[in-house]
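K.L.:
sequence plus predicted model, see below.
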Amino acid sequence: MEAWPGRPFPLGPVWDGDGTNFSIFSEHAERVELCLFDEDDDETRIEVVERTADNWHCYLPGIGPGQHYGYRVHGPYDPATGARFNPLKLLLDPYAKAIAGGIDFRAANVLPYVATGAEDADLEPDDEDDAEAIPKCVVIDPGFDWEGDDRLRLPWNETVIYETHVKGFTMRHPDVREDLRGTYAGLASEPALDYLRSLGVTAIELLPVHHIADESFLVDRGLTNYWGYSSIGFLAPHALYAATGRRGEQVPEFKGMVKALHRAGIEVILDVVYNHTAEGNHLGPMLAFRGVDNASYYRLVPDNPRYYMDFTGTGNSLNPVHPSVLRLIMDSLRYFVIDCHVDGFRFDLASALAREFYDVDRLSAFFDTIHQDPILSQVKLIAEPWDVGPGGYQVGNFPILWSEWNGLYRDTMRDFWRGSEGVAGFASRFTGSSDLYASDGRRPFASINFVTAHDGFTLADLVSYNEKHNEANLEGGHDGSDDNRSWNCGVEGPTDDQEIRTLRARQQRNFLTTLLLSQGVPMLLGGDEIGRTQGGNNNAWCQDNEISWYEWELDDEREALLEFTRRLIALRKAHPNFRRPAFFTGSDPRGTGLPDVWWFRPDGRRMARRDWSRDDVHTLGVYLNGDEISTRTPTGDPIVDDTFVLLFNAQHDTVEFKLPVRRFGARWSLVLATGDPQLGEGALSFAARETVSIEPRSVVVLRRT
């Protein structure tokens, strides 16, 4: 086959209508072969002889979309020096735009060494070809009719995030066509879109959709990596989430999903995993990066490069300090923004990306590169602000432009509603965590508030289990966190005791009300609004089954919870008082004579310093002044909203709350009460200084009339 020199950039395969340019980076390779596969999986090898700036490149006329390919990279196999080349192992292209499927571990040995079980087994290379086991990369046609679609650019303070899973969301949905369930097309279907629209969320945060490679030990157990934090293709949508095919069809299907969600007014945020890959530690498989250039792509132990630095708990850490690896990350991000119209990203274990050499550095090249990029600096950027390395917990320490999963919010709210947290921490988190984000100029929307997420208990399980129940993971119960901060309300797991069921339902409403009326950006774990349970499994990463998939057949209790959640989201969206772009000041910057926020005790008097310092106080009232919103509309007009009082009671007894004096408001009407969700808006009315009975463990929201 004729091969022309081609171009070193852009990396990856680029079809121009007449042929395809191929380019792959490898600083330490001695030879590179491009391997083409036909319909029968027969292989043709092309020697790639051109090398520019460590990019090996060629152009093949007549090669176009649908062509399957891979690479074989030659060089020394010397793990002691960090070199792990083995040309008998077919490699995925790090810049592949599509990958045809999963790893078939039973077809061949995908380890670069013979698996003897010995600790030093990786020191001797394997001589078995594994092309039969490795999925092939696919050349794609990048064309797509976006019909005028663009990113939505919704303001942060108007955002309500819904964290969900492409497959799990629709896999059991009775109104989604059976052949579309669990796919990009299923998420783009009208029943799915109608549900999300009716719920009122403005963004979905998808668990990883970069192409996933299961771990071999999961395959041996009959399990899969359901969450997908095991990426192997950073520019390729996961093929197994496609309904239309795996020969490149997954790319337009993914783009179609984004377009459909945008038409529904919903942004798309991707959970991305650039901190590690699916190749594991020094005993892991050779799938792509390890065989292309191990010493460049990974952080190796400086004085013993046979081993990997592991800031992620997965066995390896990608090396963003290397300029070509940093470029891969940036090219991946730009591709999904520019070519796929994605609205933002949540960075898994983001602290690992900020480690220049060892310590977490907020001035690292990773941040600098994103901040100077005219495209990436303008999308939604969310950090999971921790990793498993020393000093990795960095909540509140990410730079301007970044929002963060606020783990302190989660812990504080869980503790408050189970009665083990005082009101001081609760008040700080409820008002946007200014102690974490205000000092460097960030706004309340720097705090992504959440009570539950994919990692841990669902909301229904949070109020039903004291202990994890992870037996289905087949790890002897050793996996998953033991720090759940949960309370089962008196019985572990399911119960027919109506009193306990009523309390659990009320606790779920308490968490949802707190979350959706807090300053900052609320993130709702998908399924919490319908009481989704995982049976107490707090680490369902490998449960691609009914444990994780949403159950859409709702009983009366779950239907009522859904309606209550819709009501809360609508309340938040209707009132800028609950989603302020700036932090409270405790003063009246607009000169109304009343502060923007005022905290009070059950006797209606202002909270004193000694009240804040008491750990045994679990009741609190807050006045939110709708006449004192310091920011303005985009056209410069003042923002004026209704004024609210929220009364929180996390005690096990009824509390009599006296409303503030008349100058705060002459009359107040009920908006909602978590203790009696059937009460409609305006069902009760109260005068200034009148007493309001707050049921045990409940919230009452009042509006000034």
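P.N.:
Arrived safely, thanks for sending. Keep in mind the model is a prediction, meaning the values are calculated, not measured.
K.L.:
lowest average confidence, helix or strand, in the chain?
P.N.:
helix 350-353 (a mean of 89; mean pLDDT, DSSP states H and E).
K.L.:
how distant is that helix from the center of its chain?
P.N.:
Distance of helix 350-353 from the chain centroid (CA atoms, centre = their mean, to the nearest Å) equals 14 Å.
K.L.:
residues contacting the helix or strand following it, please?
P.N.:
Counting by DSSP states H and E, the next helix or strand C-terminal to helix 350-353 is helix 365-372. Identification of contacts with helix 365-372 by CB atoms under 8 Å, 6 or more residues apart in numbering yields 320-321, 326, 329-330, 333, 353-354, 356, 376-377, 381, 399-401. The C-beta positions use only the backbone N, C-alpha and C, and glycine is treated the same way.
K.L.:
which members of those are the farthest-apart pair?
P.N.:
Greatest spatial distance among the contacts of helix 365-372 (CB to CB): Val321 and Ile400, at 22.3 Å.
K.L.:
tell me which of these two has more neighbours.
P.N.:
More crowded of Val321 and Ile400, by other CB atoms under 10 Å: Val321, with 15 against 12.
K.L.:
phi, psi of the more buried one?
P.N.:
Taking degrees, to the nearest 10, you get phi -70, psi -30 for the backbone angles of Val321.
K.L.:
can I assume it is in contact with Glu356?
P.N.:
Yes: assessed by CB atoms under 8 Å, Val321 is found in contact with Glu356 at 6.2 Å.
K.L.:
got a list of what Asp122 touches?
P.N.:
Neighbours of Asp122 in contact, by CB under 8 Å, 6+ apart: 79, 111-113, 282-283, 306.
K.L.:
and it, how far is that from Thr312?
P.N.:
Remark: distance between Asp122 and Thr312 (CB to CB, to the nearest Å) = 20 Å.
K.L.:
now swap in Arg327 and tell me
P.N.:
Distance, Arg327 to Thr312, by CB to CB: 21 Å.
K.L.:
in terms of helices and strands, where is Ser23?
P.N.:
In the assignment (DSSP H and E), Ser23 maps to strand 19-25.
K.L.:
packing partners for the next helix or strand after that strand?
P.N.:
Later in the chain than strand 19-25, the nearest helix or strand by DSSP H and E is strand 31-37. On a contact count with 3 or more CB pairs under 8 Å, 6 or more residues apart in numbering; DSSP states H and E, strand 31-37 meets strand 43-48, strand 55-61, strand 68-74.
K.L.:
closest to Val451 out of those?
P.N.:
Nearest of these (CB to CB): strand 68-74, 44.1 Å.
K.L.:
who's in contact with that closest one?
P.N.:
13, 22, 24, 26, 29-38, 41, 45, 85, 87-93, 100, 131, 134, 136-139, 247, 291-293.
K.L.:
now do that strand against strand 19-25, angle only.
P.N.:
Inter-element angle recorded for strand 68-74 and strand 19-25: 40 degrees (by axes from the mean of the first three to the mean of the last three CA atoms, to 10 degrees).
K.L.:
buried sites along strand 68-74?
P.N.:
Residues 68-73 are the ones in strand 68-74 that count as buried (16 or more other CB atoms under 10 Å).
K.L.:
got these as a markdown table, with pLDDT columns?
P.N.:
Listed next are those as a markdown table, based on pLDDT from 0 to 100:
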| residue | pLDDT |
| --- | --- |
| His68 | 98 |
| Tyr69 | 98 |
| Gly70 | 98 |
| Tyr71 | 99 |
| Arg72 | 98 |
| Val73 | 99 |
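K.L.:
can I get those in TSV with distance to Arg590?
P.N.:
TSV is the format used below for the buried residues of strand 68-74 (distance: CB to CB, whole Å):
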residue	distance to Arg590
His68	64
Tyr69	63
Gly70	64
Tyr71	63
Arg72	69
Val73	65
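K.L.:
so, low pLDDT: which residues of this protein?
P.N.:
Along the chain, segments meeting pLDDT under 70 span 357-363.
K.L.:
not counting its neighbours along the chain, what's nearest the most centrally placed residue in it?
P.N.:
Ranked by distance to the mean C-alpha position of the chain (CA atoms, centre = their mean), the top residue is Asp271 at 4.1 Å. What sits nearest to Asp271 in space, not counting adjacent residues and going by CB to CB, 6 or more residues apart in numbering, is Arg346, at 4.7 Å.
K.L.:
go through the helices and strands packed on strand 31-37 and name the closest to Ala688.
P.N.:
Here strand 55-61 is closest among the helices and strands packed on strand 31-37 (CB to CB), at 73.0 Å.
K.L.:
elements contacting that closest one?
P.N.:
Using 3+ CB pairs under 8 Å, 6+ apart: strand 55-61 touches strand 19-25, strand 31-37, strand 43-48, strand 50-52.
K.L.:
and those as a markdown table, adding distance to Ala460?
P.N.:
A markdown table is the format used below for those (distance: least, CB to CB, whole Å):
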| stretch | distance to Ala460 |
| --- | --- |
| strand 19-25 | 47 |
| strand 31-37 | 47 |
| strand 43-48 | 51 |
| strand 50-52 | 56 |
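K.L.:
between these, which one is closest to Ile547.
P.N.:
strand 31-37 (36.6 Å).
K.L.:
got a list of contacts for that closest one?
P.N.:
Against strand 31-37 from outside (CB under 8 Å, 6+ apart): 1, 22, 24, 26, 43-48, 56, 58, 60, 63, 67-75, 87, 90, 131, 136.
K.L.:
in that strand, which residues are buried?
P.N.:
By 16+ other CB under 10 Å, the buried positions in strand 31-37 come out as 32-37.
K.L.:
which neighbours does that strand have in its sheet, and in what orientation?
P.N.:
strand 43-48 (antiparallel), strand 68-74 (antiparallel) (DSSP bridges).
K.L.:
now render the ones you listed as a markdown table, adding distance to Val645.
P.N.:
Formatted as a markdown table, the strands paired with strand 31-37 follow (distance: least, CB to CB, whole Å):
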| stretch | distance to Val645 |
| --- | --- |
| strand 43-48 | 70 |
| strand 68-74 | 64 |
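K.L.:
those: which one's closest to Ala505?
P.N.:
The nearest among the strands paired with strand 31-37, by CB to CB, is strand 68-74 at 52.8 Å.
K.L.:
neighbouring contacts of the helix or strand where Arg197 lies?
P.N.:
Secondary structure assigned from DSSP H and E places Arg197 in helix 190-199. Helix 190-199 has contacts (CB under 8 Å, 6+ apart) with 162, 169-170, 173, 175-176, 186, 204, 260-261, 264-266, 529, 562, 565-566, 569.
K.L.:
now do the buried residues in that helix.
P.N.:
In helix 190-199, counting by 16+ other CB under 10 Å, buried: 191-193, 195-196, 199.
K.L.:
what sits against Val301?
P.N.:
Applying CB under 8 Å, 6+ apart to Val301 gives the contacts 307-309.
K.L.:
closest to Leu240 among those residues?
P.N.:
Taking CB to CB as the measure, Leu240 sits nearest to Tyr308 out of the contacts of Val301, at 27.1 Å.
K.L.:
from Pro677, how far out is Gln507?
P.N.:
For Gln507, the distance to Pro677 - CB to CB - is 13 Å.
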